[in-house]
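Peer 1: Pasting the sequence and the predicted coordinates here, then a few questions.
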Amino acid sequence: MGENARKALRAFAEAKGLTAKEPLTPDLWSALAATSLDAVLITYVIRDDDTKGPFLARLPAKLEDMQDLKALSYTSPREGIAEKFHMSEELLQALNPGQKFDRPGSEIVVAGVAKPDANLNIARIEVNKSRQTVKLFDKTGELLACYPATVGSKEKPTPTGSLKVVSSDPNPNYRYNPDYKFKGVKSTKSFTIKPGPNNPVGAYWIGLSSEGYGIHGTAAPAKISKAESHGCVRLTNWDASFLGRNVKKGTIVEFVE
């Protein structure tokens, strides 16, 4: 299993009072299987809005080259559909050999993404720097969700202690501050990058009570937990969006080692 699958399994086992081992123990497998009877893979009919775009011809590698784009959109229908179903583009293509994903009405195979509770009563968020995870808890201390994350960087270390949520914004602009002096960014002037799922902070920004810090999405979900952020807490777009829609201002965010 991959690193993030192990994190999910570990969090699930801890919540159930079990031990996460490889290969899976019968008790843990039974507990996993009992969570849902839904199919792992389902069929999906490509819709008009999956293919209408607009799409980027290419996502620039450098931040400076993004500032003149009208929107940081997906680069193809395949990328958008893969993200909709929490998959890599490679897995989506492997499940649908020869498929181009640009024809509405075409039937494809995708991951059967579970629908989480629409209204979570999140009382506390825990950001674990060493495990590279974000956990959500209710007021009784029950674990509601656990997400793989990319936490902090050498250039702009993530803070310690407790902060609070001060804002929650879908489709944010990204504003570069030259004082951060991020590696690979040569600009000495501030600039703004338009919204979109491939924006440097992805599809959602959850602002925290320390200037310039937040929890946000990403243009590269495959790199979550595997590459440094620019100092904030980075989640996949789908996890950041779900958290952003459910979290309230004033919610405590605790950073632990």
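Peer 2: It's in.

Peer 1: use CA for all of it now, contacts and neighbours both
Peer 2: Noted.

Peer 1: Show me which helix runs longest in the chain.
Peer 2: If you go by DSSP state H, the chain has its longest helix at helix 3-15.

Peer 1: which sections of the stretch 151-257 of the chain are below the confidence cut-off?
Peer 2: Residue ranges of the stretch 151-257 of the chain with pLDDT under 70: 153-156, 227-231.

Peer 1: what are the ranges of the strands in it?
Peer 2: 161-170, 174-176, 191-193, 204-208, 214-216, 233-234, 252-256 (DSSP state E, counting those that start in this stretch).

Peer 1: coming back round to it: name the helices or strands packed onto the longest helix of the chain?
Peer 2: strand 143-148 (3 or more Cα pairs under 8 Å, 6 or more residues apart in numbering; DSSP states H and E).

Peer 1: Parallel or antiparallel, which strands does the strand it packs on pair with?
Peer 2: Note on strand 143-148: by DSSP bridges, its sheet partners are strand 133-137 (antiparallel).

Peer 1: got the CA coordinates for the partner strand in PDB?
Peer 2: What follows is strand 133-137, C-alpha atoms only, in PDB (Å, rounded to 0.1, in the frame of the first residue of the first chain):
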ATOM      1  CA  THR A 133      -2.100  14.600   8.700                       C
ATOM      2  CA  VAL A 134      -5.100  16.800   9.500                       C
ATOM      3  CA  LYS A 135      -7.700  15.300  11.800                       C
ATOM      4  CA  LEU A 136     -11.200  16.700  12.600                       C
ATOM      5  CA  PHE A 137     -12.800  16.100  16.000                       C
END
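
Peer 1: Begin at 245 from now on, thanks
Peer 2: Okay, residue one is now 245; in that scheme the one you just asked about reads as strand 377-381.

Peer 1: Just the residues contacting that strand, thanks.
Peer 2: Outside strand 377-381, the residues within contact range by Cα atoms under 8 Å, 6 or more residues apart in numbering are 251, 366-372, 387-395.

Peer 1: Give me the average confidence score over that strand.
Peer 2: For strand 377-381, mean pLDDT rounds to 97.

Peer 1: Same check on stretch 334-343?
Peer 2: The average pLDDT within stretch 334-343 is 97.

Peer 1: Centre of the chain to that stretch, how far?
Peer 2: On the basis of Cα atoms, centre = their mean, to the nearest Å, stretch 334-343 sits 22 Å off its chain's mean C-alpha point.
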